[in-house]
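>>> this is a predicted model, with the sequence first.
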Amino acid sequence: MAGNAEAARIDAMRFREVMGHYPTGVTAITGIGEDGEALAMVVGTFTSVSLDPPLVAFLPTRTSFIFDKLRTARSLAVNILAHDQEALCRRLARPVPDKLKDESWQLSAGGAPVLDGVVASIDCTLDSVLDGGDHHIALCTVQDLRVHRAAAPLVFFQGGYGGFAPRSFMVPADKELASAVSRAQVLRAGIEQLAAELGGDVTLYTRVENDAVSVVSAAGPQHDFVAPLGVRYPLIPPLGDAFVAWSTEEDQEAWIGRAYGASDEDRAMYRRRLAEARERGWSLSLDAPGRRESLEDAVVEYGQGTPLPARQRELSQRIVASSRYYNIDKLDPETKYDVAAITAPILDAGGHTQLVLRLYYPPAQATGAQVQAWGERMRAFGEQAAQLLAT
């Protein structure tokens, strides 16, 4: 009993924090209830138990009404979700009825839903339900199992979703970056001339998954620092609108969805900025006291390596908090502004962004008319660069 008393003194938040350092796979448990409804619940507590006999288990909460209905199913399927099924996972995690109504799935041999695109599925029958404190321990007998596609699984770690990426999985991204660096060299002389003309740092970025990565950089006459090759910043709003403004609506909404903790007002501003970027061909952010500490320090830390999910959320919140520097009314030609950055896309033949050009910290106290001229010059360079890359 002393052990139970000691366990009771463990702080719940501390328990979650420590356990959050252990990654888990993500599965969807599915079945057809006795009323005929196709059921699904997301669990991160699935585990293999025994080879002989073949047993697996998962641990639903005692308050799960979905599990109460799943207990009436003739068979269950454990769907091992893939790294690119985070959106599906989040849909299935919502406490709403008839979750599978708009999802694609097929019945397994045992009669349970197998979701399209999963890594693997395990057909099983519920053997027994054991006590596990504030959870049940659902012990299941395996009837059949199969791999559906060779893909990395979805992983849950420190409150965030991600994918398992062994070093060999990194090669495609490295090849993509190398290709962008090679293509960008034909623009180097023009970028150096542009930096001298506009008086600020000019850097060319490519997109690698959800990061912007520098491939060419040139310093303006008042600057002595050139961003090295491979420096990255996350495409988290308000950063990266020039990469997504010309992309699909799905990609734009995914970008907005990465704004952890953003308000409805912030999200409306992000959509407005995307529309404005498409209309005029460039985007603007302003400098102000506190910007460099609240935003740029977070971006620098992010670029120094892949932070753990908990720290990544903290950095994301700091980036999202900088949205006020991007909420800009129409420029007044006579008013003076301190510009932090102007970005312009280089579009491919399909009209989508392939590279982004960024002018960083041009001369301070520029009139609105001057800022407008800088933006137009960046847009024009982007159009010329697109033609040059197409030849």
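Now that the structure is in, tell me what you want to look at.
>>> which parts of the stretch 51-200 of the chain are helices?
Using DSSP state H, counting those that start in this stretch, the helices of the stretch 51-200 of the chain run over 65-70, 86-92, 171-184, 188-198.
>>> mind listing what's buried in the longest helix seen in the chain?
Scanning the chain for the helix with the most residues, using DSSP state H, yields helix 368-390. In terms of neighbour count (16 or more other CB atoms under 10 Å), helix 368-390 has its buried residues at 370-372, 374-375, 377-379, 381-382, 385-386, 389. Any C-beta I mention is one placed from the backbone N, CA and C, and that applies to glycine too.
>>> including mean pLDDT and distance to residue 28, could the helices of the stretch 51-200 of the chain go into a markdown table?
Output for the helices of the stretch 51-200 of the chain, formatted as a markdown table (pLDDT from 0 to 100; distance: least, CB to CB, whole Å):
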| stretch | mean pLDDT | distance to residue 28 |
| --- | --- | --- |
| helix 65-70 | 94 | 11 |
| helix 86-92 | 89 | 5 |
| helix 171-184 | 64 | 27 |
| helix 188-198 | 91 | 48 |
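>>> possible to save these as JSON lines with mean neighbour count and distance to residue 50?
As requested, these are arranged in JSON lines below (neighbours: other CB atoms under 10 Å; distance: least, CB to CB, whole Å):
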{"stretch": "helix 65-70", "mean neighbour count": "18", "distance to residue 50": "21"}
{"stretch": "helix 86-92", "mean neighbour count": "17", "distance to residue 50": "27"}
{"stretch": "helix 171-184", "mean neighbour count": "14", "distance to residue 50": "38"}
{"stretch": "helix 188-198", "mean neighbour count": "17", "distance to residue 50": "62"}
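>>> which residue ranges form the helices in the stretch 201-350 of the chain?
241-244, 249-257, 264-280, 291, 297-303, 309-321.
>>> hmm, who's touching the fifth one?
The set of residues external to helix 297-303 that reach it, using CB atoms under 8 Å, 6 or more residues apart in numbering, is 231-234, 239, 307, 312, 315, 318-319.
>>> ok, so of those, who is nearest residue 24?
Of all those, residue 312 has the smallest distance to residue 24: 17.6 Å, by CB to CB.
>>> tally of neighbours for the closest one?
20 (other CB atoms under 10 Å).
>>> try residue 350
7.
>>> where does it land on pLDDT?
Predicted confidence (pLDDT) for residue 350: 93.
>>> quick check: phi and psi on it?
The main-chain torsion angles of residue 350 are listed as degrees, to the nearest 10 and equal phi -90, psi 0.
>>> need the contact list for the residue nearest the centre of the chain.
For the chain, the residue lying nearest the average C-alpha position, counting by CA atoms, centre = their mean, turns out to be residue 258 (5.5 Å). Remark: with contacts taken as CB under 8 Å, 6+ apart, residue 258 is in contact with 210, 234-237, 316.
>>> thinking again about what came up before, reformat the helices of the stretch 51-200 of the chain as CSV; add distance to residue 365.
Written out in CSV, the entries for these read as follows (distance: least, CB to CB, whole Å):
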stretch, distance to residue 365
helix 65-70, 60
helix 86-92, 45
helix 171-184, 32
helix 188-198, 15
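>>> quick check: closest non-adjacent residue to residue 280.
Nearest residue to residue 280, sequence neighbours excluded (CB to CB, 6 or more residues apart in numbering): residue 375, at 6.8 Å.
>>> separation between that neighbour and residue 139?
64 Å (CB to CB, to the nearest Å).
>>> same check on residue 330?
Summarising the geometry, the distance separating residue 330 from residue 139, computed by CB to CB, is 65 Å.
>>> of all the buried residues of helix 368-390, which two lie farthest apart?
When these are compared pair by pair using CB to CB, the farthest-apart members prove to be 370 and 389, with a separation of 28.6 Å.
>>> just to revisit the earlier point, and the angle for the longest helix of the chain with helix 264-280?
Interaxial angle, helix 368-390 versus helix 264-280 (axes from the mean of the first three to the mean of the last three CA atoms, to 10 degrees): 70 degrees.
>>> deepest of the helices of the stretch 201-350 of the chain, which one?
Comparing the helices of the stretch 201-350 of the chain by mean neighbour count (mean count of other CB atoms under 10 Å), helix 241-244 ranks first with a mean of 25.
>>> reformat the contacts of helix 297-303 as JSON lines; add distance to residue 180.
Shown next, in JSON lines, are these (distance: CB to CB, whole Å):
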{"residue": "231", "distance to residue 180": "13"}
{"residue": "232", "distance to residue 180": "12"}
{"residue": "233", "distance to residue 180": "15"}
{"residue": "234", "distance to residue 180": "17"}
{"residue": "239", "distance to residue 180": "18"}
{"residue": "307", "distance to residue 180": "24"}
{"residue": "312", "distance to residue 180": "24"}
{"residue": "315", "distance to residue 180": "24"}
{"residue": "318", "distance to residue 180": "28"}
{"residue": "319", "distance to residue 180": "23"}
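>>> just give me the least confident of those.
Per-residue confidence across the contacts of helix 297-303 is lowest for residue 307, with 63 (pLDDT).
>>> what sits against the closest residue in space to residue 368 that isn't next to it in sequence?
On the basis of CB to CB, 6+ apart, the spatially nearest residue to residue 368 that is not a chain neighbour turns out to be residue 331, at 3.8 Å. Applying CB under 8 Å, 6+ apart to residue 331 gives the contacts 284, 337, 368, 371-372.
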